[in-house]
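Undergrad: Sequence plus the predicted model coming up.
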Amino acid sequence: MKILITGGLGYIGSHVTTLLLQNNIDVVVIDNLENSRIQVLDGIKSITGKLPLFRKIDVSNESEMNQLFDEFTDIGGVIHFAAFKSVSESVSEPLKYYNNNLGGLQQLLKQIVTRSIPLIFSSSCTVYGQSETLPIREDEPLKPATSPYGSTKKIGEQIIEDCCKAYPDFKAILLRYFNPIGAHSSAKIGEYPVGVPQNLVPYLTQTVRGIRPVLKVFGSSYDTPDGSCIRDYIHVMDLAQAHIESLDYLLKKKNVEACEVYNVGTGNGVSVLELIESFESATGKKVPFELSDPRPGDTVSAYADPSKIETNIGWKARYSLEESLYSAWKWEENIKN
Ligand code: WQD
């Protein structure tokens, strides 16, 4: 049996692929290389000693997906990462996001629902918007999405839930990530932002490395202890492990409902200023930053209640914030431009 990883050369996907290979699970990776690099395969091989089967395929291309499932008739599970993920780009190019993120999901579902191949879907805490209650539980009412990117995650979840109802033997788990950061301890794979990083940690490490002049802290007068926004930063290796354990749970048919939703976070809320301090103590490096205006669309505070995944699946985050930030720095130092 093989596990199909769509977007398997991306940031999260490459870490999950690495862990699956290390668990001696056969993997087929597809990726259209629009937002990733073929060299990631070398990183995976140098860590695991193995190369996954790879096909350069666009998940939204029907004929390519038909060929894939004709070629590999022993795909026993799918982890779906392939999607664009820039909040700001989705605002300026919504159709690009709806076509790719939802078009791709639908092409994948057409292949797997009638074959009853179980699915792990990469969703996001962005579906909650600014949650009324903190920490955030899965039964928190979802708010209107604050970006087309967020809409593609919300609508994607709904499409999958509807398929689970229509096809009784099709099962799925929706994983709502909080803020993934860091890299594999080997520094051979990590987050490789295309262009100017939108996210905090890659922008911070590029600033420390001297690629960016200064890190702007977006907002310092929020209603939080130090005025900066609070998030739940989770080590990408903890997040990857959550996929391994969720897949095992699904393949062993331990799921109670056809479609189950889980938050994947540490449960710890950390402010931007606290993260900067943590980075400096973890690495001994100074972060040049300045307080700046709030970023439109930001939620003030978002961090998970991860008790449901811990109770049902047995997973919990293990890395500390310092370990996550240290690994992010080691990766930044090793990036070959
Ligand atoms: C974190 C905090 C910023 C940059 C988004 C998506 C989420 C997921 C992760 C894809 C915020 C502040 C940032 C900077 C800053 N997307 N910040 N200076 O917005 O919580 O989540 O990215 O997987 O779905 O919603 O992450 O890293 O952009 O921002 O002060 O230069 O850092 O204001 O408070 P975010 P982020």
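TA: All right, it came through fine.
Undergrad: check which helix or strand covers the closest residue to Lys316 other than its chain neighbours.
TA: Beyond its immediate neighbours in the sequence, the residue positioned closest to Lys316 (Cβ to Cβ, 6 or more residues apart in numbering) is Glu310, lying 4.8 Å away. Yep, even glycine has a C-beta here, placed from its N, CA and C like the rest. Glu310 belongs to helix 307-312 when assigned by DSSP states H and E.
Undergrad: what's the spacing between the residue nearest to Lys316 and the ligand?
TA: With distances defined as Cβ to the nearest ligand atom, to the nearest Å, the gap from Glu310 to the ligand amounts to 22 Å.
Undergrad: heads up, I number from 20, so please use that
TA: All right, first residue 20 from here; so that's Glu329.
Undergrad: For the helix holding Glu329, name the packing helices and strands.
TA: Judged by 3 or more Cβ pairs under 8 Å, 6 or more residues apart in numbering; DSSP states H and E, helix 326-331 is in contact with helix 255-270, strand 278-283.
Undergrad: Wait, a helix at Gln125?
TA: Yes. Gln125 forms part of a helix when assessed by DSSP: H, G, I helix; E, B strand; the rest coil.
Undergrad: Name the SS class of the closest residue to it other than its chain neighbours, please.
TA: Distances taken as Cβ to Cβ, 6+ apart place Ile178 nearest to Gln125, at 6.9 Å, with adjacent residues excluded. Remark: Ile178 carries the secondary structure label helix [criterion: three-state DSSP].
Undergrad: ok, now which ones touch Ile178?
TA: Ile178 makes contacts with 121, 124-125, 128, as judged by Cβ atoms under 8 Å, 6 or more residues apart in numbering.
Undergrad: May I see the helices and strands packed on helix 326-331 arranged in a markdown table, with mean neighbour count as well?
TA: Listed next are those as a markdown table, based on neighbours: other Cβ atoms under 10 Å:
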| stretch | mean neighbour count |
| --- | --- |
| helix 255-270 | 21 |
| strand 278-283 | 23 |
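Undergrad: what's the closest of the ones you listed to the ligand?
TA: Each of those was checked against the ligand via Cβ to the nearest ligand atom, and the shortest separation belongs to helix 255-270, namely 10.3 Å.
Undergrad: The closest one near the ligand at all?
TA: No. No part of helix 255-270 sits close enough to the ligand to count as contact by Cβ under 6 Å from any ligand atom; the gap is at least 10.3 Å.
Undergrad: Which residue is the nearest non-sequential neighbour of Gly95?
TA: With Cβ to Cβ, 6+ apart as the measure, Met20 is the residue that lies nearest to Gly95, at 3.6 Å, once sequence neighbours are left out.
Undergrad: I'd like to know how many residues surround that neighbour.
TA: The number of residues packed around Met20, counting by other Cβ atoms under 10 Å, is 9.
Undergrad: separation between it and Ile332?
TA: Using Cβ to Cβ, to the nearest Å, Met20 is found at 20 Å from Ile332.
Undergrad: Who are the contact partners of Glu151?
TA: 159-160.
Undergrad: re earlier: ok, and for the helix holding Glu329, which residues are buried?
TA: Buried residues in helix 326-331, counting neighbours by 16 or more other Cβ atoms under 10 Å, are found at 327-328, 331.
Undergrad: can you list the residues of the stretch 70-219 of the chain near the ligand?
TA: 104, 106, 143, 145, 198, 217-219.
Undergrad: Buried among those residues? Make that a ChimeraX selection.
TA: A single ChimeraX command selects the buried members of these (16+ other Cβ under 10 Å):
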select :104,106,143,145,198,218,219
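Undergrad: Narrow the residues of the stretch 70-219 of the chain next to the ligand to those in strands?
TA: When DSSP state E is applied, those are split such that 143, 198 fall in strands.
Undergrad: And the residues of the stretch 70-219 of the chain next to the ligand, which is closest to Gln58?
TA: Ranking these by separation from Gln58, with Cβ to Cβ as the measure, puts Lys104 on top at 19.9 Å.
Undergrad: Over stretch 112-120, what's the mean pLDDT, rounded is fine.
TA: Confidence for stretch 112-120, expressed as mean pLDDT, is 97.
Undergrad: let me redo that: stretch 129-136
TA: Mean per-residue pLDDT for stretch 129-136: 98.
Undergrad: Also stretch 20-40?
TA: This predicted structure assigns stretch 20-40 an average pLDDT of 98.
Undergrad: Start and end of that stretch, how far apart?
TA: End-to-end distance for stretch 20-40: 13 Å, by Cα to Cα, to the nearest Å.
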